[in-house]
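Engineer: what shape does this take:
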Amino acid sequence: MTHTVCEPCNDCKYTDCVAVCPVECFYQDDMMLYIDPADCIDCEACVPECPVEAIFAEANVPAQWTHYTPLNAEKSAALKAVGGEGHITEKTDAKEGPGCKKK
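Structural biologist: As a prediction, the model looks like this:
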């Protein structure tokens, strides 16, 4: 099983989660973060760090966001394939776009 970054991260990109990931499985584009399911070890360290509650265990992804599970796999693989572009391992400044709904 893996974890999935879902809708609340879209346009509301906080990187607190990447700083605690022991296997550095996060990738990013301009809009959000993605977890590489091939590298995720299901440790759950990232879950409590997300201030917008966007990270779920694959089995617990809310029904309206299930399409984010394959999206995380596709996006992280594509970013990894272009030389690791978008690989993120350290906390950076948050991106709070107009769609951001921080809790």
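
Engineer: got the contact list for the longest helix along the chain?
Structural biologist: Assignment by DSSP state H gives helix 68-81 as the longest helix of the chain. For helix 68-81, the surrounding residues in contact (CB atoms under 8 Å, 6 or more residues apart in numbering) are 2, 4-7, 25, 27-29, 34-38, 58, 61, 85-87. The way it works is simple: take the backbone N, C-alpha and C, and place the C-beta from them, glycine included.

Engineer: among the residues you listed, name the buried ones.
Structural biologist: With neighbours counted by 16 or more other CB atoms under 10 Å, the contacts of helix 68-81 contain buried members at 2, 4-7, 25, 27-28, 34-37, 58, 61, 86-87.

Engineer: between the residues you listed, which is nearest residue 49?
Structural biologist: Ranked by distance to residue 49 (CB to CB), those are led by residue 5 at 11.9 Å.

Engineer: which non-adjacent residue is nearest residue 43?
Structural biologist: Of all residues not flanking residue 43 in the chain, residue 22 sits nearest, at 6.3 Å (CB to CB, 6 or more residues apart in numbering).
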